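J.: Let me see the structure of the following:
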Amino acid sequence: MAKTALISVSDKTGILEFAQALHALGIKLLSTGGTAKLLADAGLPVTEVADHTGFPEMLDGRVKTLHPKIHGGLLARRDLPAHVAAIEQHGIDTIDLLIVNLYPFEATVAKPGCSLEDAIENIDIGGPAMVRSAAKNWKDVGVLTDASQYATALAELKADGKLSDKTKFAFSVAAFNRIADYDGAISDYLSAIDFETSQGQSTPTRSLFPAQSNGRFVKVQDLRYGENPHQQAAFYRDLHPAPGSLVSAKQLQGKELSYNNIADADAAWECVKSFDVPACVIVKHANPCGVAVGKDAAEAYAKAFKTDPTSAFGGIIAFNRTVDAATAQAVAKQFVEVLMAPGYTHEALEVFQASKAKLNVRVLEIALPPGGATDWDNGRNATDVKRVGSGLLIQTADNHELALSDLKVVSKKQPTQQQLQDLLFAWKVAKYVKSNAIVFCADGMTMGVGAGQMSRLDSARIASIKAEHAGLSLQGTAVASDAFFPFRDGLDVVVDAGAGCVIQPGGSMRDQEVIDAADERGVVMVLSGVRHFRH
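T.: Numbers count the residues shown, from 1 in each chain. Presented below is the predicted three-dimensional model:
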């Protein structure tokens, strides 16, 4: 049985009950500051670290556990006679359990207006030092760094009188991971601080991009393979994922998700959750091949599927509304790899459990984000990262939302209210289509999508061809181009196909030539003032 436990926690969730259970098992309690007071006030016999070491806390508590009697008790190997003799010679008792969580640095710097002084004061020194000592000596010391570990430790102590090697090693790994996360957060914050000098005064300012970026992710699962069978892959999540983001998905049925499934599912989910009305997005190879809104999920799906039934085969389908039986029956008629929605009726799930073939459909349930002012509230990444040779490209995520008031009509012909709505819909879809992107839309549905071509002209032609193959007329449609038309020829192609109004960012040296062409062709042209390259 463990003999001594040292407890020093900033977050005191569950610690009193845990300490009471340890005491009931005959384990001696050591503690510091506020934790010791909490335990003593509850009637537990607890020894203050200062009394244990014979050295008082000092420097406003900055120095209290940095002492040989603490680190010697944690680091001494019980299987080495020389270690045992050394600590006996110096009157050092072993510490068998360490329960520590750290000053809330991450929470502190996340607060608006956090000062550099506040951040510095919340950098824990003694805590990480003790955790590292205990984690290094994992065979002899159990180190707990999170309240979620208390139940596991207590169950083993009650059953066996000790922690198993498997559990101690798992706790050690978790401890080193916690220290790495903590140090990474400190590095991210401090390396983003610069000093601006004005009128002889130096003021610390925080940059959006730190001088050193420390990625911190947790593995969700290993994958069968990557983009191709000869590649290996795994799926990781942020330490603190945003609610309503893909990693919060719960898989209700179906085969294991693949690398490509996850990448395509993310594209579909990001697009569909951007709509406030019932919507359906069908993605194939990272591009929306059908997007529509409707009075309900079933109508939205029927419209989205019409855009490109061929590409929809084996695609990823996402809804932003609960899927009912009627919608499920319509989807089940097609081959679908992944189905995503914020919820399903019992009858809808039964549709996909009715046959062996449909049981393979990967059905994911994801709660929509709560919404709010921040990217986090909307389930979005604040930054995007792309790996390049021995480096990273980091940018703020493209979370720009275009409002009706942002539109600038530059053609002589003025848009109708319906055209304005169609243009906004087309623009929203184009944001999620690989550039060069051309999207034809009408009445809340995509009519033709051209994606990922080296030439904007080719994207426009492909969108027209797809609409023709799907039996859809492009007469009077709204067209979105994710970047400006460098020449009038791109505009001519979409107008020849039937477009009646066009939205594009503008910003070309030949903008006037393109605007004049719109007037010549008798179509509406609206500028968004922002582009949406998606490479």
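J.: so Lys295 is in which element?
T.: Assignment of secondary structure by DSSP states H and E places Lys295 within no helix or strand.
J.: The nearest residue to it once chain neighbours are set aside - how many residues pack around it?
T.: Using C-beta to C-beta, 6 or more residues apart in numbering and skipping the chain neighbours, the partner closest in space to Lys295 is Pro278 (6.7 Å). Where C-beta positions appear, they are placed from N, C-alpha and C, glycine not excepted. Burial of Pro278, expressed as a neighbour count using other C-beta atoms under 10 Å, amounts to 22.
J.: now swap in the one 4 residues further on and tell me
T.: The number of residues packed near Ile282 is 30, by other C-beta under 10 Å.
J.: what's the nearest residue to it if we skip its chain neighbours?
T.: The spatial neighbour of Ile282 that comes closest, neighbours along the chain excluded (C-beta to C-beta, 6+ apart), is Gly290 at 4.1 Å.
J.: For the residue nearest to Lys295, give its distance to Leu38.
T.: Plainly put, Pro278 is 51 Å away from Leu38 if you go by C-beta to C-beta, to the nearest Å.
J.: ok, back up a step: I'd assumed Arg321 was in contact with the residue nearest to Lys295.
T.: Yes - assessed by C-beta atoms under 8 Å, Pro278 is found in contact with Arg321 at 4.6 Å.
J.: Counting by contacts, list what the helix or strand of the chain with the lowest mean pLDDT packs against.
T.: Across the helices and strands of the chain, the lowest-confidence element by mean pLDDT, DSSP states H and E is helix 49-53, at a mean of 78. Helix 49-53 sits against strand 28-31, helix 68-75, with contacts defined as 3 or more C-beta pairs under 8 Å, 6 or more residues apart in numbering; DSSP states H and E.
J.: residues touching Asn260, list them.
T.: Neighbour list for Asn260: Glu227 [criterion: C-beta atoms under 8 Å, 6 or more residues apart in numbering].
J.: in a helix, that's where it is, yeah?
T.: Yes - the assignment for Asn260, made by DSSP: H, G, I helix; E, B strand; the rest coil, places it in a helix.
J.: Would you mind measuring from Gln419 to Gly500?
T.: 7 Å.
J.: Common neighbours of the two, please.
T.: With contacts defined as C-beta under 8 Å, 6+ apart, the residues shared by Gln419 and Gly500 are Ala478, Val524.
J.: Specify which residues of this structure, grouped into ranges, have pLDDT under the cut-off.
T.: Scanning the chain for pLDDT under 70 picks out 1-2, 58, 60-62, 200.
J.: From what I see, Asn513 and Phe485 are in contact.
T.: Check again: residue 513 is Glu, not Asn. No - the criterion here is C-beta under 8 Å, and Glu513 misses it with Phe485 at 9.1 Å.
J.: Of the two, which one has the most company?
T.: Summary of the neighbour comparison: Glu513 and Phe485, criterion other C-beta under 10 Å, with Phe485 having more neighbours (28 against 14).
J.: How many residues are close by the spatially closest residue to that one that is not a sequence neighbour?
T.: Excluding its sequence neighbours, the residue lying closest to Phe485 (C-beta to C-beta, 6+ apart) is Val514, at 4.8 Å. Residues lying near Val514 (other C-beta under 10 Å) number 23.
J.: Okay, strands next: where are they in the stretch 251-400 of the chain?
T.: 279-284, 287-293, 315-319, 336-341, 362-365, 383-388, 391-396 (DSSP state E, counting those that start in this stretch).
J.: Point out the one among those strands that comes closest to Tyr236.
T.: Judged by C-beta to C-beta, the one of those that comes nearest to Tyr236 is strand 383-388, at 12.0 Å.
J.: distance between that closest one and the chain's centre?
T.: Relative to its chain's centre, strand 383-388 lies at 14 Å (C-alpha atoms, centre = their mean, to the nearest Å).
J.: Okay, Gly391 and Val385: tell me how far apart.
T.: In this view, Gly391 and Val385 are 11 Å apart by C-beta to C-beta.
J.: okay, those two: which has more neighbours?
T.: Counted by other C-beta under 10 Å, Gly391 and Val385 do not tie: Val385 has more neighbours, with 12 against 8.
J.: what are the bridge partners for that one, then?
T.: When assigned by DSSP bridges, Val385 has beta-bridge partners Ile394.
J.: Surely Val49 touches Leu30?
T.: Yes - with contact defined as C-beta under 8 Å, Val49 reaches Leu30; the gap is 6.0 Å.
J.: what touches both of these two?
T.: When contacts are counted by C-beta under 8 Å, 6+ apart, the set common to Val49 and Leu30 consists of Leu6.
J.: Show me which residues of stretch 204-218 are buried.
T.: Going by neighbour count (16 or more other C-beta atoms under 10 Å), the buried part of stretch 204-218 is Pro210, Arg216.
J.: Convert the C-alpha atoms of it to PDB, please.
T.: C-alpha atoms of stretch 204-218 as PDB (Å, rounded to 0.1, in the frame of the first residue of the first chain):
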ATOM      1  CA  PRO A 204       3.800  44.600 -24.600                       C
ATOM      2  CA  THR A 205       1.600  43.700 -27.500                       C
ATOM      3  CA  ARG A 206       0.400  40.200 -28.500                       C
ATOM      4  CA  SER A 207       0.900  39.100 -32.100                       C
ATOM      5  CA  LEU A 208      -1.600  36.800 -33.900                       C
ATOM      6  CA  PHE A 209       1.200  34.600 -35.000                       C
ATOM      7  CA  PRO A 210       3.800  33.700 -32.400                       C
ATOM      8  CA  ALA A 211       7.500  33.400 -33.100                       C
ATOM      9  CA  GLN A 212       7.200  29.700 -32.300                       C
ATOM     10  CA  SER A 213       4.100  27.600 -33.000                       C
ATOM     11  CA  ASN A 214       3.600  24.500 -30.900                       C
ATOM     12  CA  GLY A 215       1.000  22.100 -32.200                       C
ATOM     13  CA  ARG A 216      -0.800  20.100 -29.600                       C
ATOM     14  CA  PHE A 217      -3.200  17.400 -30.700                       C
ATOM     15  CA  VAL A 218      -4.600  14.200 -29.200                       C
END
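J.: Pull out the buried residues from stretch 215-235.
T.: For stretch 215-235, the neighbour count (16+ other C-beta under 10 Å) marks Arg216, Leu223, Ala233, Phe235 as buried.
J.: Nearest to Gln414 among these?
T.: Phe235 (49.1 Å).
J.: hang on, the earlier thing: okay, the helices and strands packed on helix 49-53, which one's buried deepest?
T.: Neighbour counts averaged per stretch over the helices and strands packed on helix 49-53 are highest for strand 28-31, at a mean of 23; criterion: mean count of other C-beta atoms under 10 Å.
J.: Need the contact partners of that one.
T.: Applying C-beta under 8 Å, 6+ apart, the set of residues contacting strand 28-31 from outside is 3-8, 19, 22-23, 39, 44-49, 52, 95.
J.: ok, now with 10 Å
T.: Under the criterion C-beta atoms under 10 Å, 6 or more residues apart in numbering, residues 2-9, 15, 19-20, 22-23, 35-40, 44-49, 51-53, 65, 69-70, 73, 93, 95-99 lie in contact with strand 28-31.
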